[in-house]
Structures are given as structure tokens and as C-alpha cells.
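Student: sequence and predicted structure below; questions after.
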Amino acid sequence: MFIATLIASDRLGAGDISAAMDRLDAAGCAPSVHSWIDEGKAADILFGSGPDAARTALEGAFAGVDIVVQAVAGREKKLLIADMDSTMITVECIDELADYAGIKPQIAAITEAAMRGELDFEAALDARVALLAGLEEAVIDRCLAERVRIMPGAVALIATMRARGATAILVSGGFTRFAEPVAAQIGFHRAIANRLEIVDGMLSGAVAKPIVGSDTKLQTLLAASAELGLLPEQTLAVGDGANDLAMIKAAGLGVAYHAKPIVAAAAAARIDHGDLSALLYAQGIPRAEWVLS
């Protein structure tokens, strides 16, 4: 059996559920029963076959509504691997550092191209960090305090999953000086990220090797799954950029979160409208069971 979850950024009505049932029926998916997770906000529809057809029938059909289609088995996840920049936080840290150096447009353009998969991630990271050579180390802490904001829903997502026995790991192509405090603030078990080289209180323009990129994210997912003895369907990965694609494709539920087109097109599920709490609804967890602090 499969399940389609409808998650509204505003309000979900009974008519929306009825229309979704009709769409699934017309697509040959054999819908059976539906139920509210939280009335007016999120609902489940069980169906018998054709998950790809179900996604095609439902995605984009209802304004402001995200659709997650998956197998019923293993719906509640025991491992989360998450990206940081523009996923668990609202900004791209390297772009914000560049703003302090007066070169944000130049670096942001490279970031955007890399996240769209138009540039090699590692080469693009080296190129951007090189442009930051000579920036005072103190700017990192200033940027963290002034610019970095936690994505809505992130704390509830991690706290709730941890309370239910899941492991959460932040794996970022960004930098440890941001990832480690962000991971601690949100509640991740640990963080993996790149290390900026600092010489005499200044950024040297280099990043320590090997670079944390796409393969590191994938290998972290696979290694943590093996260590915890989990089946693939018990895992969740979420990110927004091209360097997240490998882990998104390998996870039991791979989610493109407000993602670049190449990621949104390849992921099994997309969150385009809601915040990160949508990933709790995707696991069938009602708001009454969320851990909110």
C-alpha cells in the first residue's frame, strides 16, 4: 500500500481531498480511505498502486498544497540527513560573508550556478573561498550573529524526530564555523562541514581538503544507516541544491525543500509551499505530538 499526504500552507478543505481521490482514481491508483492528520492542515489518502502516477496526478494540482507520496511501510523515519544553507537556515553563509567583503553579487552568482548543477561544486567552492582571502576571522562570528536565521519548522522537526528515537545529522557543503553552532541550536546529533583555513586572524582564501560535497553527504547517509541497522525506507534526506541530489535519491524519502529546478525534478517529494514541519506531517505525526521547544 501507498500513501499520499496533502499538506497545506494555508488551509486544506474536504473538497480538496475529494478532488485528490478523484484524481487518483482516474490515474488508476485505486484510492481507498482518507483521514485527517490535522484537520484543515494535512490529510492522508491510502491507495493501492502506481506511486509515480499518483505524484503526476497530484503535484501542482492544488494551490499552496505540498504532496508527499510514499510507501506505507517505514513511513516514520529513524535517520535524517540534512543540508544546512537554504534548508536548515534561511541564507547561504558564503554569500553573506561575501557581503561583508563587498563582493556578494559576484560570489552569489557562483553559488547559484553551483546549486543549479551548472558548475562543479568543489571547484566553485574553491573559487569562492579564494575571493574571501584577507577577510578578518571576526567577521565569521559577526555574520553568524547578524545574518544566520533558523528555518521555520527546523527545531520542531529535529526535536520531534529525536524524541521518537531518530538520529539527525547535519551535512553541509558550507563551513564548520556556521554548521556546528547551527546544529547545536537546532538539536542535531552532529555536524559535518568544510573547514576554512585561518592564518593570523584572516581567511587565507583556502578550504581544508577533502571538501565536503555530494559524495560526503551520500556516504554519511549510507554509513549511518549501516551503523544503526536501518533499512533504506527508514531514512530521510532533505536539501535544496545539486550537491544534495545523491543523498536525496538514496534515501527512503528524499525531499527537495524549496529547491533548485534540477533537484525538484529529481526528488521523490517536494516541499514548495510549507516549512520544515511539513516533514513531520509527511511521517504522519500530528501537531499535538510535536516537540516545540
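Tutor: Arrived safely.
Student: let me know the pLDDT of the residue most central in space within the chain.
Tutor: In the chain, the centroid-proximal residue (C-alpha atoms, centre = their mean) is Val238; its distance is 2.7 Å. Per-residue pLDDT puts Val238 at 98.
Student: please name the bridge partners of it.
Tutor: Ala82, Val255 (DSSP bridges).
Student: these two touch, right, it and Leu80?
Tutor: Yes - look at Val238 against Leu80 with C-beta atoms under 8 Å: they come within range, at 7.3 Å. For every residue, glycine as well, the C-beta is placed using N, CA and C.
Student: Ile248 and Ala242, how far apart?
Tutor: 10 Å (C-beta to C-beta, to the nearest Å).
Student: let me redo that: Tyr281
Tutor: For Tyr281, the distance to Ala242 equals 26 Å [C-beta to C-beta].
Student: any idea how far apart the tips of stretch 75-93 sit?
Tutor: 32 Å (C-alpha to C-alpha, to the nearest Å).
Student: would you mark the buried spots in that stretch?
Tutor: Using 16 or more other C-beta atoms under 10 Å as the test for burial, stretch 75-93 gives 75, 77-89, 91-93.
Student: show me the residues you listed that map onto strands.
Tutor: The strands, defined by DSSP state E, take in Leu79, Leu80, Ile81, Ala82 from the buried residues of stretch 75-93.
Student: can you add pLDDT and distance to Gly153 and give those back as TSV?
Tutor: Listed next are these as TSV, based on pLDDT from 0 to 100; distance: C-beta to C-beta, whole Å:
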residue	pLDDT	distance to Gly153
Leu79	98	19
Leu80	98	13
Ile81	98	17
Ala82	98	12
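Student: where exactly do the strands run in the stretch 51-200 of the chain?
Tutor: 65-71, 79-82, 167-175, 190-194, 196-199 (DSSP state E, counting those that start in this stretch).
Student: between strand 167-175 and the biggest helix by length in the chain, find me the angle.
Tutor: Looking across the chain with DSSP state H, the single longest helix is helix 214-228. Interaxial angle of helix 214-228 relative to strand 167-175 (axes from the mean of the first three to the mean of the last three C-alpha atoms, to 10 degrees): 160 degrees.
Student: list the contacts of the nearest residue to Ala114 once chain neighbours are set aside.
Tutor: Nearest residue to Ala114 in three dimensions, chain neighbours excluded: Ala124, at 3.9 Å (C-beta to C-beta, 6 or more residues apart in numbering). By C-beta atoms under 8 Å, 6 or more residues apart in numbering, the contact set of Ala124 is Ile110, Thr111, Ala113, Ala114.
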